[in-house]
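S.K.: What shape does this take:
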Amino acid sequence: MKLGGIFEWLQRTGLAATHTAFSIDWLNMGPRYFDYILCSRRPPAIRALVALHVRLRVIADDAVRFASRSDRAELDDLAQQVWLELQCRCCALLPDKRHRPAPIRATQRTQIRTGQSVP
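M.R.: Numbers count the residues shown, from 1 in each chain. Have a look, this model is predicted:
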């Protein structure tokens, strides 16, 4: 997923005129954030992706704003791309299985509370 492509589409449709407007209105970040992302080639922050996804989804669901089916379909596609990126990034943040505690059964919880030895 490329933020540049999303910005270009929003610019073409008149929803984001400049990088500053895209950063503030769509990514909910500072005015130079999008330029920073472009120059540093770093992935966007998860909170910026969430803000972008929510805004794209709201506009895609607003059928009155876009009379053209192709525009609505493209917006749906852009929102889906952002969502997939969020899923990949969030799942990558989960710890390895060996670092997570194993679930315990209700009987083991009772034994722990009462001070009995747990098998």
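
S.K.: Quick check: next helix or strand after the helix or strand hosting residue 53?
M.R.: Assigned by DSSP states H and E, residue 53 falls within helix 46-61. Sequence order places helix 69-92 as the next helix or strand after helix 46-61, per DSSP H and E.

S.K.: Packing partners of that next one?
M.R.: helix 3-12, helix 46-61 (3 or more C-beta pairs under 8 Å, 6 or more residues apart in numbering; DSSP states H and E). C-beta: built from backbone N, CA, C; applies to glycine.

S.K.: Export those helices to CSV and append columns for mean pLDDT and distance to residue 83.
M.R.: Below are the helices and strands packed on helix 69-92 laid out as CSV (pLDDT from 0 to 100; distance: least, C-beta to C-beta, whole Å):
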stretch, mean pLDDT, distance to residue 83
helix 3-12, 91, 12
helix 46-61, 91, 6
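
S.K.: mind checking which of those is nearest residue 90?
M.R.: helix 46-61 (6.8 Å; C-beta to C-beta).

S.K.: export that closest one as PDB, just CAs?
M.R.: Extracted in PDB, the C-alpha atoms of helix 46-61 (Å, rounded to 0.1, in the frame of the first residue of the first chain):
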ATOM      1  CA  ILE A  46      -0.600   2.900  12.800                       C
ATOM      2  CA  ARG A  47      -2.700   5.800  14.200                       C
ATOM      3  CA  ALA A  48      -2.300   7.600  10.900                       C
ATOM      4  CA  LEU A  49      -3.500   4.500   9.000                       C
ATOM      5  CA  VAL A  50      -6.500   4.100  11.300                       C
ATOM      6  CA  ALA A  51      -7.400   7.800  10.800                       C
ATOM      7  CA  LEU A  52      -7.100   7.400   7.000                       C
ATOM      8  CA  HIS A  53      -9.100   4.200   7.000                       C
ATOM      9  CA  VAL A  54     -12.000   5.700   9.000                       C
ATOM     10  CA  ARG A  55     -12.100   8.700   6.700                       C
ATOM     11  CA  LEU A  56     -12.000   6.700   3.500                       C
ATOM     12  CA  ARG A  57     -14.700   4.300   4.800                       C
ATOM     13  CA  VAL A  58     -17.000   7.200   5.800                       C
ATOM     14  CA  ILE A  59     -16.700   8.800   2.400                       C
ATOM     15  CA  ALA A  60     -17.100   5.500   0.600                       C
ATOM     16  CA  ASP A  61     -20.300   4.800   2.500                       C
END
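
S.K.: No further queries at this time; thank you.
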